[in-house]
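**Q** mind folding the following:
(2 chains)
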Amino acid sequence: QVQLVESGGGVVQPGRSLRLSCAASGFTFSSYGMHWVRQAPGKGLEWVAVISYDGSNKYYGDSVTGRFTISRDNSKNTLYVQMNSLRVEDTAVYYCAKDNGYYDSSGHYRGYYYYGMDVWGQGTTVTVSS
Amino acid sequence: QSALTQPPSASGSPGQSVTISCTGTSSDVGGYNSVSWYQQHPGKAPKLMIYDVNKRPSGVPDRFSGSKSGNTASLTVSGLQAEDEADYYCSSYAGSNNLLFGGGTKLTVL
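**A** This next block holds a predicted model:
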């Protein structure tokens, strides 16, 4: 079945780095954009980043720009986010999510922001604390 | 950019209908037909319920419907059931490769 499994969360001190992974299965990973979304304890959802199906385009939310890097390895069906210069306010459950995009009649991918995220992982917890 | 504005809570009795609003600006909700809605039960991952303002993914009951007027989008849940009790979040494209979520609404089935 279609599945996303995050890993790599943990407790880290402010200013340090952490890399999260998201293993995909049950769908053609290389054909879809992918997102990271986070949720601070007791708070709402916050979009973190998106990467195109081929990894050529990457965009970030304002709060992580310059500190986080999204990437993917389509040969391994795995999505990553490298988180540097972590802050206490980065403490959250981090979810990876599959973009609900599609290919139009011309073969162009349509999505990233327009059609939502239709498959989510269970999340991995990142705690930034001294 | 600020999060989209949702009421913190909403409620209804079984069988009734309830509508949750999501208010943005002309730069996000009002500027694009790209509103999505997610349902999240406690301790669980979000689930896509509506995309493209009013489209339902396969498997989502037709009791869930979406609409938009100006800068405000709405999610309506008809024929409320106990399992609909959850947090609901809207999202919208905000231009310049940015995506915004709402603050979330806790739906209580009385």
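**Q** low-scoring stretches of chain B, by residue?
**A** B:1 (pLDDT under 70).
**Q** near chain A, which residues of it show up?
**A** B:1, B:3, B:32-34, B:36, B:38, B:40, B:45-48, B:50-52, B:57, B:89, B:91, B:93, B:97-104 (CB under 8 Å from any CB of the partner chain). To be clear about C-beta, it is placed using only N, CA and C from the backbone, and glycine gets the same treatment.
**Q** can you say which of the residues you listed are buried?
**A** Among these, the ones that count as buried by 16 or more other CB atoms under 10 Å in any protein chain shown are B:3, B:32, B:34, B:36, B:38, B:40, B:45-48, B:50-51, B:89, B:91, B:93, B:98-104.
**Q** select from the residues of chain B next to chain A every entry located in strands.
**A** B:36, B:38, B:40, B:47-48, B:50, B:89, B:91, B:93, B:99-101 (DSSP state E).
**Q** next up, the contacts around the residue most central in space within chain A.
**A** Residue closest to the average C-alpha location in chain A (CA atoms, centre = their mean): residue A:36, at 2.2 Å. If you count contacts by CB atoms under 8 Å, 6 or more residues apart in numbering or on different chains, residue A:36 has them with A:20, A:22, A:48-50, A:68, A:70, A:79, A:81, A:94-97.
**Q** what residues are bridge-paired with it?
**A** For residue A:36, the beta-bridge partners are residue A:49, residue A:96 (DSSP bridges).
**Q** now it: how far from residue B:38?
**A** 15 Å (CB to CB, to the nearest Å).
**Q** can you check residue A:112 too?
**A** 17 Å.
**Q** over to residue B:31?
**A** 21 Å.
**Q** do residue A:57 as well
**A** 24 Å.
**Q** residue B:109 and residue B:79 touch, don't they?
**A** No: with contact defined as CB atoms under 8 Å, residue B:109 does not count as touching residue B:79 (11.1 Å).
**Q** who has more neighbours out of these two?
**A** Neighbours were counted for residue B:109 and for residue B:79 using other CB atoms under 10 Å in any protein chain shown; residue B:109 has more, 18 against 12.
**Q** contact partners for the more buried one?
**A** B:11-14, B:80-82, B:84-85.
**Q** for residue B:73, same thing?
**A** B:21-22, B:24, B:29, B:35, B:53, B:66-67, B:90, B:92.
**Q** how about the residues you listed in a markdown table, adding neighbour count and distance to residue B:74?
**A** A markdown table is the format used below for those (neighbours: other CB atoms under 10 Å in any protein chain shown; distance: CB to CB, whole Å):
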| residue | neighbour count | distance to residue B:74 |
| --- | --- | --- |
| B:21 | 17 | 5 |
| B:22 | 30 | 7 |
| B:24 | 26 | 12 |
| B:29 | 29 | 10 |
| B:35 | 29 | 9 |
| B:53 | 18 | 10 |
| B:66 | 22 | 7 |
| B:67 | 14 | 5 |
| B:90 | 31 | 9 |
| B:92 | 30 | 13 |
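**Q** residue A:11 versus the residue located most distally from the centre of chain B, what's the distance?
**A** Distance from the C-alpha centroid of chain B peaks at residue B:96, with 22.3 Å (CA atoms, centre = their mean). Distance of residue B:96 to residue A:11, given as CB to CB: 34 Å.
**Q** interface residues of chain A facing chain B?
**A** Going by CB under 8 Å from any CB, the residues of chain A near chain B are A:37, A:44-47, A:50, A:59, A:61-62, A:95, A:97, A:100, A:112-118, A:120-123.
**Q** can you do 10 Å?
**A** A:4, A:6, A:35, A:37, A:39, A:43-50, A:57-62, A:93, A:95-98, A:100, A:111-123 (CB under 10 Å from any CB of the partner chain).
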